[in-house]
Every structure is written in structure tokens, then in C-alpha cells.
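J.: here you go, sequence then predicted model.
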Amino acid sequence: MKYIKVIIGSNFGDEGKGLMTDYMCSINENPIVIRFNSSAQAGHTVVTPDGKRHVFGHFCSGNLQGIPTFLSNYFSVNPLLFLKEYDELKMKNIDPYTMIDLTCPVIIPQDMILNQIVERYRGDNRHGSCGLGYNESIIRNNIERYKITCNELLNKNYIDKLELIKNEYIKDRLQELNLVGCKDKLMAKLYDDSIISHFIDDIGRQFIPKVHFINIKKVAEKYNTLIFEGAQGLMLSEDYKYFPHVTHSKTGISNVINLLEEINNYQLDIEVIYLTRSYLTRHGAGHLPNEVQEKPYKNIIDSTNISNEFQGTLRFAPLDIDLLAENIQNDYTKILPVKQHGCWNIKKSIGLTCLDQIDNDEAIYYKNNLLCVNSTNRFVEEICEKIKPENCYLSYGKTRNTIIKR
């Protein structure tokens with residue numbers, strides 16, 4: 001029997017996925033955390049009961065407990081951000097053990113530079129990009145001639161491709177984006193040979209020695225509990241109705257199903273945990289239902305989502321529990337047909353975070369298009385009545401020891 005925990009954000013991200021991953025790592029036997037979508041633009045905050053804190057991007061949120069990371073083939077590896085965060089963790093006396101699928105696509109410096117140029121060029125029509133190259137890498141890696149994977153980093157085939165990208169792809173991509181002649185301060189960096197040479201040096205001398213290459217089948221052989229840590233949220237999925245203000249990633253259960261089907265020779269006990277804050281947030285451009293100009297609760301403190309050039313400030317709205325139920329149901333139904341395997345026991349759970357931030361025990365939320373004010377307990381009950389979860393995890397603080405299983 002293998003135990004599977006799938007942690008998915010139900011909204012626009014920032015729901016507490018790092019917190020819940022850390023909690024699941026603490027209560028399950030022999031766990032590994034698997035990143036199954038997106039890339040290093042995740043900002044998953046973990047605070048341990050003894051006060052250690054880290055915002056995880058490239059690594060899993062179990063690292064402060066010494067839990068290893070597996071980056072699946074649905075995760076885009078950014079070696080530069082990997083090395084930056086690796087050094088940050090070492091400074092905190094954490095020695096991260098990281099395994100990577102050889103077929104993982106790679107983000108290169110030119111992807112990051114292009115992403116920032118494009119987002120600035122959009123002006124008031126920005127898509128909400130983090131400027132870390134993920135979107136541009138997806139577009140480039142869909143072209144076989146310019147595609148770079150971890151396997152190519154290992155066998156050094158990527159070096160010739162970097163030259164092709166500089167000499168061919170960048171010109172074509174700039175034309176496609178109507179950016180030929182753009183005066184952005186980063187344009188010259190796209191052709192800078194020193195950036196390429198430093199990247200090659202970082203790959204060979206630092207990145208490759210710090211990782212271990214493996215596939216999902218071998219991972220399943222070594223660990224009892226596979227904790228799938230999602231990035232971003234269901235309302236940012238590439239197939240969600242708010243396109244183009246979404247991500248080039250499937251943020252729900254789809255990628256996890258594909259990975260589990262590769263290890264289907266095991267009996268699987270699967271719990272899908274959908275997370276939400278007690279209110280709604282969005283970082284970046286795009287629609288935010290029922291947006292308010294002020295924080296819905298005075299007690300809200302968020303030290304992770306600081307304002308930045310590409311995403312602006314964190315935005316707020318009361319939670320709409322009907323929209324929450326719709327998002328969860330639309331995603332969860334994707335896994336139900338897989339029950340035909342017979343060896344998959346599947347259950348749905350909900351996790352509610354930031355409940356300690358509700359002012360004076362008066363929760364503000366939308367239900368049936370009406371603004372409601374009720375006690376925190378009634379708020380939780382109404383969410384459970386809508387979603388009908390098997391388990392409900394309630395978080396009343398920043399650390400895993402504040403989580404209560406209802």
C-alpha cells in the first residue's frame with residue numbers, strides 16, 4: 001500500500017500549500033514531496049514550531065524537516081534559482097536532498113530576461129507574470145530544435161542549443177512579440193555571451209553535483225507516502241475561464257493522475273486536499289471576484305507576498321463558497337473515473353487556513369450571491385455542507401502545530 005496526499009490550492013494561489021505540506025510531512029511515514037506543476041515562482045511559506053522560516057520556491061515545503069524533494073517531469077527546472085535557494089537553505093543549516101526527472105524542461109536566463117521585457121512592454125495590460133521565465137520557457141521548449149531538458153544538461157547537448165537560441169530563436173521570438181527595436185534596458189542581455197558562459201559554468205560545477213536523477217517509479221519504490229505539493233491555484237490553471245491571466249500549467253489533479261498511473265502496480269490510498277484561506281487573494285493582474293479595496297479583516301498579516309514590479313500588491317476579497325465548491329468539484333471529478341483501476345481508494349478533503357485572522361469571530365463571505373456575516377464555526381460548517389469533504393483541516397496559525405483535523 002502506498003499513501004498519497006495531494007495538496008491543491010483552490011483559488012489564485014497563496015492558500016497555505018506550504019503549511020499543509022509541512023503538516024503532512026510531520027504525520028506520515030517515510031514521506032517524499034513531489035512537485036507536479038509549475039516552477040520556482042511558487043512562494044510556499046513554512047514556519048516551524050521553533051520559529052525557523054523559509055519561503056520555498058524550487059524545493060519542497062518539507063525541507064525544514066529534512067524531507068527530500070522530487071521534481072517530476074511536469075516541473076520546469078530553473079538552475080539559477082535552484083542554486084540561489086540551495087545556498088539560502090545551507091545558510092539555515094538545511095542540506096536539501098533533491099531528485100529530478102531527466103525529462104524535466106529547463107528554464108534558461110534568456111527565458112527570464114524575455115519574460116521581464118514582455119511583461120513590462122504590456123504596461124497596463126500585464127498578464128500577472130512573476131518575471132521568472134516560466135511562460136517563455138514553455139513556449140521555447142515546445143519547439144524541439146530549442147528544447148532543453150535535464151537530460152541534455154547531463155550529457156552537455158544543451159551547449160550547442162544555447163547558441164542556436166541566441167542566434168535564431170531570440171530574433172524570431174522578438175518578431176513574434178512585436179519587440180524588434182524595443183529599448184528595454186534588458187534587450188542587450190539577450191545576446192550577452194558572458195551570461196551564457198556563466199550559465200554553462202553553473203550547470204557543470206554547481207547544479208549537476210547537487211542533484212540526483214531518478215524517475216517516479218524508482219521514487220515510489222523508496223518511499224511509503226508520496227505527498228504531491230501543487231503550486232498556484234485552480235483559478236490560475238491554464239484551462240481556467242480567466243485566460244490569459246493564468247499560468248501555463250495544470251494546477252489541479254490532472255498531472256498527478258498521470259504520474260500515479262505510472263506506478264499503478266501498487267494499492268493506492270489517495271487523499272486530495274483542497275486548500276483555501278478564510279478569504280480570497282490574488283497577486284497579479286486579472287479578475288478577482290468581489291474584490292475589495294481594503295483587507296477584509298484587520299488581523300491579516302502577509303509577509304511573503306510583498307509588492308513587486310511585476311505583480312503589484314496582494315489583492316483581497318471575501319471568499320465565495322459557491323465558487324470554491326465549483327472549483328473543487330470541477331477538478332475532483334477528473335480523478336473519479338480512475339476508480340476503475342480498483343486499486344485506488346480516493347477521498348476528498350478540505351483545508352481552511354488563516355482562520356485566526358478573522359476579526360471578532362465574524363466571518364465575512366458570499367453564499368448564493370449574498371454577502372453573509374456569521375461565526376467562524378458556522379462559516380466552516382457551510383463550507384463543509386457545500387463540499388462534503390471526508391476530512392476537514394483547520395489552521396489557526398502559521399505553523400503545523402496549529403492545524404486541527406475536524
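T.: Thanks, I have it. Numbers count the residues shown, from 1 in each chain.
J.: just give me the neighbour total for the residue nearest to Asn63 when sequence neighbours are not counted.
T.: Leaving aside its sequence neighbours, Asn63 sits nearest to Pro96 (C-beta to C-beta, 6 or more residues apart in numbering; 5.3 Å). Every residue, glycine included, has its C-beta placed from N, CA and C. When counting by other C-beta atoms under 10 Å, one arrives at 22 neighbours for Pro96.
J.: ditto for Leu89
T.: Neighbour tally, Leu89, other C-beta under 10 Å: 17.
J.: can you give me every residue that contacts it?
T.: Applying C-beta atoms under 8 Å, 6 or more residues apart in numbering to Leu89 gives the contacts His54, Phe59, Asn63, Asp95, Pro96.
J.: 6 Å - rerun?
T.: By C-beta atoms under 6 Å, 6 or more residues apart in numbering, the contact set of Leu89 is Pro96.
J.: looking at this, it is in a helix?
T.: Yes: Leu89: assigned to a helix according to DSSP: H, G, I helix; E, B strand; the rest coil.
J.: confidence score at it?
T.: If you check Leu89, the pLDDT there is 98.
J.: would you check that Cys343 makes contact with Gln267?
T.: Yes: contact criterion C-beta atoms under 6 Å: Cys343 and Gln267 qualify, at 4.9 Å.
J.: returning to that earlier point: surely the residue nearest to Asn63 is in a strand?
T.: No: according to three-state DSSP, Pro96 belongs to no strand; its state is coil.
J.: residue boundaries of the helices in the chain?
T.: Ranges of helices in the chain, per DSSP state H, are 17-27, 79-91, 109-122, 134-141, 150-155, 158-164, 170-176, 193-202, 216-222, 254-261, 321-332, 376-387.
J.: now the ones you listed as a markdown table including distance to Ser39?
T.: Output for the helices of the chain, formatted as a markdown table (distance: least, C-beta to C-beta, whole Å):
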| stretch | distance to Ser39 |
| --- | --- |
| helix 17-27 | 15 |
| helix 79-91 | 8 |
| helix 109-122 | 10 |
| helix 134-141 | 5 |
| helix 150-155 | 13 |
| helix 158-164 | 17 |
| helix 170-176 | 19 |
| helix 193-202 | 16 |
| helix 216-222 | 18 |
| helix 254-261 | 13 |
| helix 321-332 | 20 |
| helix 376-387 | 29 |
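J.: and those helices, which is most packed in?
T.: helix 17-27 (a mean of 25; mean count of other C-beta atoms under 10 Å).
J.: the closest residue to Phe12 other than its chain neighbours and Glu385, how far apart?
T.: Excluding its sequence neighbours, the residue lying closest to Phe12 (C-beta to C-beta, 6+ apart) is Arg282, at 4.2 Å. Separation of Arg282 from Glu385 (C-beta to C-beta, to the nearest Å): 26 Å.
J.: ok, the residue nearest to Asn63 touching Leu64?
T.: No: the criterion here is C-beta under 6 Å, and Pro96 misses it with Leu64 at 9.9 Å.
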